[in-house]
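Enquirer: Here is a sequence with its predicted model. Questions after.
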Amino acid sequence: MIGNNEARGMDPRGGATREHLEQARHGLSEAAGAMRDSMSHAGAAIREGMSQAGPAIRQPLHNAAEAARHMAQDAKVAATHQYDELMHRGHDLLQNAQTMIQRHPLAFFGIAVAAGYLLAQSMRRPTTD
């Protein structure tokens, strides 16, 4: 009669037979080869996809960057124009104020004294009795 271990391919001492170990090694080797081939094919597919998609991706990015440069240049021109206009207005206001002060010096002196007095009154601390 054959023992249970011998019926399952094991020797009577409880260890795996050489034949089963060899089969397991062969199966693992085949699995590793199949995995290596799959990874190689996947890498080739990725490389091919990237080479085909590269120009399709680069051109829209280039167009977006170019549009951003144009927008920045337009914004710079507009900001420079507004700055120059505000500086011109400020210069005009200063010229008008100087002209008015030269024409009516006593009126502006009175206005300055009144503004100083009102400012001093508003800054004065109230006294507590």
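Expert: Cool, got the structure.
Enquirer: pLDDT averaged over the longest helix along the chain - what is it?
Expert: If you go by DSSP state H, the chain has its longest helix at helix 18-103. Averaging pLDDT along helix 18-103 yields 82.
Enquirer: Following element in sequence after it, please.
Expert: Counting by DSSP states H and E, the element after helix 18-103 in chain order, helix or strand, is helix 105-123.
Enquirer: sorry, back to before: measure how the longest helix of the chain sits relative to helix 105-123, angle-wise.
Expert: 130 degrees (axes from the mean of the first three to the mean of the last three Cα atoms, to 10 degrees).
Enquirer: In terms of secondary structure, what does helix 18-103 contact?
Expert: Using 3 or more Cβ pairs under 8 Å, 6 or more residues apart in numbering; DSSP states H and E, no helix or strand is in contact with helix 18-103. Yep, even glycine has a C-beta here, placed from its N, CA and C like the rest.
Enquirer: how far away is residue 41 from residue 27?
Expert: Per Cβ to Cβ, to the nearest Å, residue 41 is found 21 Å from residue 27.
Enquirer: Also residue 56?
Expert: 43 Å.
Enquirer: Dihedrals phi and psi, residue 125?
Expert: phi -80, psi 140 (degrees, to the nearest 10).
Enquirer: What confidence value was assigned to it?
Expert: 74.
Enquirer: burial of it, as a residue count?
Expert: Residues near residue 125, counting by other Cβ atoms under 10 Å, number 5.
Enquirer: Please compute how far the longest helix of the chain lies from its chain's middle.
Expert: Here the centre of helix 18-103 is set off from its chain's centre by 9 Å, with Cα atoms, centre = their mean, to the nearest Å.
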